[in-house]
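coords below, sequence missing:
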């Protein structure tokens, strides 16, 4: 669970910070760079899987390496910065399994991860192709005595925090540290064992690293670093693709809905197998799924068919009349809603779901049900963490007045540039800020907030059209905060 993100120099995120609760809904006009928040989160997640420059090139380019990594660095219109700094505070699942199937437990479940990079341009002198170079990496525990200062969103201490947050590590060095090599003066990154300092670290020159240190840890010998890696791997930016959602799965496909919505059949089949192994009715989980989407799609049953000859699993839906049909004949909007519903009822990863425009393709009459599903995905901070309340959160970006008016004030953030947007200009030149509603938990002082009541009382048209706020509304909204520059 990502509780705080700090970014400096990444796209239009400069001296940027934001605190997250279990559910966050972000809005604002198009073109201010709100999606760059998801890019920063995705960058951290990709870094745990790929070499640094490959991870950078894959942002918004899944499965491809086409991006110019220099474009990740903030450009003010005349000059590009050469440094990116990111810090993330996270509550992790303590129990972890390594790549060899060995179970272990992290020494701390509340962590702060920091990483910084610099950009080296191509050089004709030494033939260097340039790219992103690691400068510093740190992973430290946040002690229980400080947990209340870092977990700012409303929650139950007894039911939620006491069960989710613990710390058995008090070493100053933390789990990953960076220091200057006394001989070369160059920064070296060290991974420390969970036993504490002076632990036997493994120094590695930062400038020569192809991967971040978190990405290299695959065994139970460093369980806290591994648990942090698993957490960041579970930060999922959804980009649902109807083509991917319609494909059948191989019998060997592991469960889990992918970023593009693929593997729903394998996930549902795993529900059935798990229920059978535990002595439960294998249809009960599928019945709950069917009930959760019945307000949007009138279904009598959801199931998975097996094709033993080809070894394929396929999604099958049944109408109340008994007529069955496959994913190839289901509408895109039905598949999107089904993917959300499956994610809401899956207890394991992902631990963070980033969803842009979740209302896309859905009728207005479906938005109440959509809002309910989105909140079901997120953990209840007033209940104990468990199979029925997994440690998971949702960050959604929406411009739908209808969906926004269903939200609690404390869950809303308004994205705004520090200076007015110019038509046709690069949104990365406009430094982004998120403003909470005045008086809610993200406001340290009154100047931090903005009055968003006009947004939640915006008159909706009589015709049920899926529209966004007009540009004049955003201009008026920005004027509500003195000194915002509008």
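Yep, that arrived. This one's a predicted model, so the numbers in the text were calculated from it and none came from an experiment. Numbers count the residues shown, from 1 in each chain.

mind listing the strands for the stretch 251-400 of the chain?
Secondary structure of the stretch 251-400 of the chain by DSSP state E, counting those that start in this stretch: the strands cover 301-307, 312-318, 324-326, 352-356, 393-397.

which one of these is the most hemmed in?
Sort the strands of the stretch 251-400 of the chain by mean neighbour count, taking mean count of other C-beta atoms under 10 Å, and strand 393-397 sits at the top with a mean of 25. Placement of C-beta: from N, CA and C, glycine included.

got a list of contacts for that one?
Applying C-beta atoms under 8 Å, 6 or more residues apart in numbering, the contact partners of strand 393-397 are 1-2, 20-27, 34-35, 37-38, 41, 351-358, 374-375, 377-379.

got the angle between it and strand 352-356?
10 degrees (axes from the mean of the first three to the mean of the last three C-alpha atoms, to 10 degrees).

about what we covered before: the contacts of strand 393-397, buried ones only, as a ChimeraX selection?
Buried subset of those, written as a ChimeraX selection, criterion 16 or more other C-beta atoms under 10 Å:
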select :1,2,20,21,22,23,24,25,26,27,34,35,37,38,41,351,352,353,354,355,356,358,374,375,377,378,379
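
what would the strands of the stretch 251-400 of the chain look like in JSON lines with mean pLDDT?
Output for the strands of the stretch 251-400 of the chain, formatted as JSON lines (pLDDT from 0 to 100):
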{"stretch": "strand 301-307", "mean pLDDT": "89"}
{"stretch": "strand 312-318", "mean pLDDT": "91"}
{"stretch": "strand 324-326", "mean pLDDT": "86"}
{"stretch": "strand 352-356", "mean pLDDT": "96"}
{"stretch": "strand 393-397", "mean pLDDT": "96"}
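
quick one: low-confidence ranges for this protein?
61-67, 123-129, 170-173, 195-202, 419-429, 460-468, 470-472, 475-486 (pLDDT under 70).

now the helices for it?
35-47, 52-57, 144-150, 162-164, 213-216, 223-233, 242-246, 264-277, 284-293, 332-345, 367-377, 401-404, 453-456, 471-479 (DSSP state H).

quick one: buried residues of the shortest one?
In other words, helix 162-164. For helix 162-164, burial by neighbour count (16+ other C-beta under 10 Å) applies to 163, 164.

quick one: contacts of it?
1, 91, 109, 110, 384, 385, 391.

may I ask which two of the residues you listed are separated the most?
Of all pairs drawn from the contacts of helix 162-164, the greatest distance, 16.6 Å, lies between 110 and 384 (C-beta to C-beta).

check contacts around the closest residue in space to residue 438 that isn't next to it in sequence.
For residue 438, ignoring the flanking residues on the chain, the nearest one in space by C-beta to C-beta, 6 or more residues apart in numbering is residue 449 at 3.2 Å. Neighbour list for residue 449: 435, 436, 437, 438, 439, 440, 442, 443 [criterion: C-beta under 8 Å, 6+ apart].

quick check: residue 449 vs residue 30, distance?
The gap separating residue 449 from residue 30 is 23 Å, by C-beta to C-beta, to the nearest Å.

repeat that for residue 96.
Applying C-beta to C-beta, the value for residue 96 to residue 30 is 40 Å.

of those two, which one has the most company?
residue 96 (21 against 13; other C-beta atoms under 10 Å).

for burial, what's the neighbour tally of residue 345?
19.

my bad, residue 108
25.

show me what it is bridged to.
Beta-bridge partners recorded for residue 108 (DSSP bridges): residue 167.

any idea how far it is from residue 212?
From residue 108 to residue 212 the distance is 19 Å (C-beta to C-beta).

check residue 436 too.
31 Å.

now residue 433
In terms of C-beta to C-beta, residue 433 sits 28 Å off from residue 212.

picking up where we left off before, neighbour count: residue 110 and residue 384, which is higher?
More neighbours surround residue 110 than the other of residue 110 and residue 384, with 24 against 14 (other C-beta under 10 Å).

which residues touch that one?
Shown in contact with residue 110 (C-beta under 8 Å, 6+ apart): 89-92, 141-142, 144, 147, 150, 164-167.

picking that back up, okay, the contacts of helix 162-164 in JSON lines with distance to residue 416 next?
JSON lines is the format used below for the contacts of helix 162-164 (distance: C-beta to C-beta, whole Å):
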{"residue": "1", "distance to residue 416": "26"}
{"residue": "91", "distance to residue 416": "29"}
{"residue": "109", "distance to residue 416": "34"}
{"residue": "110", "distance to residue 416": "31"}
{"residue": "384", "distance to residue 416": "37"}
{"residue": "385", "distance to residue 416": "34"}
{"residue": "391", "distance to residue 416": "31"}
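
out of those residues, flag the one nearest to residue 303.
Lowest distance from residue 303 to the contacts of helix 162-164 (C-beta to C-beta) belongs to residue 391, with 29.5 Å.

residues touching the closest one, list them.
Taking C-beta under 8 Å, 6+ apart as the test, what residue 391 contacts is 1, 91, 93, 164, 351, 379, 385.

many thanks, have a good one.
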